[in-house]
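Asker: Here's my sequence, what's the structure:
(2 chains, ligands or ions: 3)
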Amino acid sequence: MATTQHVIIGNGIAGISAAEVLRAGDPDSAITIIGDESETPYCRPMISLVLEGALGPERLPIRGTDYYQQFGITPVLGRRVTAVDTSRREVHINGARPVIYDKLLIASGADPRPVKAEGRDLDNIFYLRHQAHVRGMLAVMPDARKALVLGGGLVGFKAAYGLLRRGIQVTMLIRSGYPLSMQADAEAGRMVLTELRAHGLEVRVGAEVTAFEGGPAVRAAVLSDGSRLACDLVVIGKGVLPSLAFVRRDQIAVDLGIVVDRHMRTTAPDVYAAGDVAEGMDLARGTRWVNAIWPEAVAQGRLAGTNMAGREVAGEGSLGRNVIRIFGLDIMTGGIVDPPADDDGFTVVSALDPRRRTYRKLVFQKNRLVGMVMVNAIEQGGVLLGLIQSRMPVRLPAETLLANGFNYKQLLME
Amino acid sequence: MKQVVVHPERCVGCLQCMLACATAHSRSRTLPEAVLESPRPRPRVHVGVGCFDEGFPNRCRHCDPAPCMLACLPGAIYRDAQTNTVLIDTDRCINCASCAMVCPFGVLRYHPDVLAPPDKTVAVKCDNCIARQQKGQIPACVEACRTGALTFEPLDGAMRRKTDAVSRTVSAGRREVPPPAGYALLTTIKHEQVRLRSH
Ligand SMILES: Cc1cc2nc3c(=O)[nH]c(=O)nc-3n(C[C@H](O)[C@H](O)[C@H](O)COP(=O)(O)OP(=O)(O)OC[C@H]3O[C@@H](n4cnc5c(N)ncnc54)[C@H](O)[C@@H]3O)c2cc1C
Ligand code: SF4
Ligand code: SF4
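Answerer: Ligands and ions are numbered 1, 2, ... in the order given. Below is the predicted model:
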């Protein structure tokens, strides 16, 4: 029998996690990874620490320089996949011959959500997704005085924090009323806003950029309210979208992300998807959802690799979770943090302690915990998130879970 | 391989394990000196209070696969195969708290530590007293526990004893398994206290 040809699109954490379990589970197979980033596999979330200056770029790699050799993987790096044809089992690559697969994993991650604004092509307007983006920013940073960050999501937020720590004046522009609106609720968002402003960040809410001015580098931004804002460095951090331009929608079902089942299988035979590009069942919501976070990319990559190696294992689903530390605040959130106010199927309890600067909020659906927000004293957050993941009915009074002394043992004594 | 086994029903909440743990992870390794040290030595085992005020020594389970190990962004968490211990490389740790986000037991803490680079806040949790084990000593919490709530033994042995204890309670000539002396009383008192308080 011919060697099984495994092909993986994307050398991010989902792709390499899959390759590693695939190599262990199917030692004799051939594995090809196609990725447009040619660096040694690295930790994407840590690029903001390089921007901030907390770490040097040499700290980013999370595998050895001989990684591909060590795992017997054929790397095709620095090239983009332009199309996948599942009827011919072909992966088309920019400037190279098509690769034929027996089993294919799409782990192409996500791309920053673009902004539509005049003058978008001016110099010194960046995304923050790849190592190369940070290199670009660092190169122009010595001359930067005034930065503008678009978007108050996780990445916009980390960009603003990083630039601020570099001593650059930063204005953050957010469309919604408070930062981290996708991750946190209004109360936590307000605490974050206060903290950031206290440290010199300027935040403008409810505004958007309509045009950039300057040349060749950006000099100013024109806002939707007609005002102009001088800036010489711009970071676009308005969230991400699954990276799937090469996917034919008549061959592979796509919603927001590539639709996967509990085995990370797409609707096309022998094609799997994992990580930021995949859309599987969400444990808190009970519907499909793209949970674009690192731990899920690892878990989904491993699950895909296990199944591709021929061991049929089903996953339970994913849970959106985040933990962020900024200045004096730690924020941990997960699941449904802001249930629709008109839906009485949810019960929300919360506790704000201004003296200890803590805030906790729990969202229940019947007797199941489906969401949580924690500001400071986050050590027991994993216990609560574990409760959401296990979907176990909670019989303890909600106040017990909210209390400062809450710990794992109390779950055992129900 | 010997492991620390927790018998929660025997814990009286005396906090001796916490003291011993903090001392074992101090510069001086003696209690009187440890209390004066900076950074302040802190325990890796955390006695929490249950719903009936009973104690519970909560420590890292050294899970396999370990959620924290898979979620750690820089890959700072690894396993020592010889002692089956999940360890944190404090040089690599970036204090992101991703591990706390995924640990279902809530055993991680973040603070400067004598075993970490100076003045760096890092993730800290039980290391099975790997340094003591290398010197032939048993983990400090087990040594300190006077009630047998913490033991250091091969896991299958501990499981066999538990299975035996359970089967004795269900077998024909069933006799009460004598609860460890005093615990039944203590538990009754605590339950009663909670009942009185909630009235
Ligand atoms: C600044 C920043 C901070 C973050 N912080 C956190 C955090 O604190 N916690 C957390 O959980 N998550 C965080 N994330 C999100 C996390 O990085 C992602 O969830 C994770 O990297 C997803 O991994 P992945 O392998 O699915 O995708 P990716 O890491 O995006 O990898 C996909 C790879 O495929 C390549 N690719 C895409 N399309 C093609 C193509 N057509 N041809 C060839 N190659 C292609 C991409 O270039 C990329 O290298 C952060 C992200 C950023 C940018
Ligand atoms: S820290 Fe938590 S998740 Fe990690 S091994 Fe210990 S108990 Fe398991
Ligand atoms: S806090 Fe440290 S050990 Fe924990 S996940 Fe982050 S880097 Fe890893």
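
Asker: And the pLDDT for the spatially most central residue of chain B?
Answerer: With distances taken as C-alpha atoms, centre = their mean, the residue of chain B nearest its centroid is B:Arg59 (3.0 Å). Note on B:Arg59: pLDDT of 95.

Asker: now do the one 3 residues further on
Answerer: For B:His62, the pLDDT comes out at 97.

Asker: Contact partners for it?
Answerer: B:3, B:79, B:84-86, B:126, B:128 (C-beta atoms under 8 Å, 6 or more residues apart in numbering or on different chains). C-beta here means a position set from N, CA and C on the backbone, and glycine is covered the same way.

Asker: same thing with B:Asp89?
Answerer: So B:Asp89 contacts B:76-78 (C-beta under 8 Å, 6+ apart).

Asker: Could I get the full set of strands for the stretch 101-250 of chain A?
Answerer: A:103-106, A:110-112, A:125-127, A:146-150, A:169-174, A:202-205, A:209-214, A:218-223, A:228-230, A:233-236, A:240-242 (DSSP state E, counting those that start in this stretch).

Asker: and of the ones you listed, who's closest to ligand 1?
Answerer: Evaluated over the strands of the stretch 101-250 of chain A, closeness to ligand 1 peaks at strand A:110-112, with 5.4 Å, by C-beta to the nearest ligand atom.

Asker: Who is residue 85 paired with across the strands?
Answerer: Looking at chain A here, since you left the chain open. Under DSSP bridges, the beta-bridge partners of A:Asp85 are A:Glu90.

Asker: I was thinking of chain B, sorry if that wasn't clear
Answerer: Beta-bridge partners for B:Thr85, by DSSP bridges, are B:Asp80.

Asker: Spit out the contact partners of it.
Answerer: By C-beta under 8 Å, 6+ apart, the contact set of B:Thr85 is B:62, B:79, B:127-128, B:130.

Asker: Please produce a ChimeraX select command covering the buried subset of those residues.
Answerer: Buried residues within those, by 16 or more other C-beta atoms under 10 Å in any protein chain shown, are selected in ChimeraX with:
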select /B:62,79,127,128
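
Asker: check whether stretch B:105-115 contacts ligand 2.
Answerer: Yes: with C-beta under 6 Å from any ligand atom as the criterion, ligand 2 is reached by stretch B:105-115 at B:105, B:107-108.

Asker: In CSV, list those along with distance to chain A, secondary structure and pLDDT.
Answerer: Shown next, in CSV, are these (distance: C-beta to the nearest C-beta, whole Å; DSSP: H, G, I helix; E, B strand; the rest coil; pLDDT from 0 to 100):
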residue, distance to chain A, secondary structure, pLDDT
B:Phe105, 5, coil, 96
B:Val107, 8, coil, 97
B:Leu108, 7, coil, 98
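
Asker: From the residues you listed, pick the one nearest ligand 3.
Answerer: B:Leu108 (6.7 Å).

Asker: Next up, the contacts around the closest one.
Answerer: B:Leu108 neighbours (C-beta under 8 Å, 6+ apart): A:379, A:382, B:68, B:97, B:99-100, B:123-125.

Asker: Give me the distance between it and A:Asn376.
Answerer: From B:Leu108 across to A:Asn376, the span is 15 Å (C-beta to C-beta, to the nearest Å).

Asker: With A:Glu213 instead?
Answerer: A:Glu213 is 41 Å from A:Asn376, by C-beta to C-beta.

Asker: do A:Pro269 as well
Answerer: For A:Pro269, the distance to A:Asn376 - C-beta to C-beta - is 49 Å.

Asker: more crowded one of these two?
Answerer: A:Asn376 (17 against 10; other C-beta atoms under 10 Å in any protein chain shown).

Asker: Report the contact partners of that one.
Answerer: A:329-330, A:356-359.

Asker: need the contact list for the residue nearest to it when sequence neighbours are not counted.
Answerer: Counting by C-beta to C-beta, 6 or more residues apart in numbering or on different chains, A:Asn376 lies nearest to A:Thr358, which is 4.6 Å off, once chain neighbours are set aside. Shown in contact with A:Thr358 (C-beta under 8 Å, 6+ apart): A:351-352, A:374-377, A:404.

Asker: Buried ones among the residues you listed?
Answerer: A:374-377.

Asker: Export the residues you listed to a markdown table and append columns for secondary structure and distance to A:Leu319.
Answerer: A markdown table is the format used below for these (DSSP: H, G, I helix; E, B strand; the rest coil; distance: C-beta to C-beta, whole Å):
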| residue | secondary structure | distance to A:Leu319 |
| --- | --- | --- |
| A:Met374 | strand | 15 |
| A:Val375 | strand | 19 |
| A:Asn376 | coil | 22 |
| A:Ala377 | coil | 21 |
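
Asker: Can you name the two of those that sit furthest apart?
Answerer: A:Val375 and A:Ala377 (8.3 Å; C-beta to C-beta).

Asker: any residues in contact with both of the two?
Answerer: A:330, A:358.
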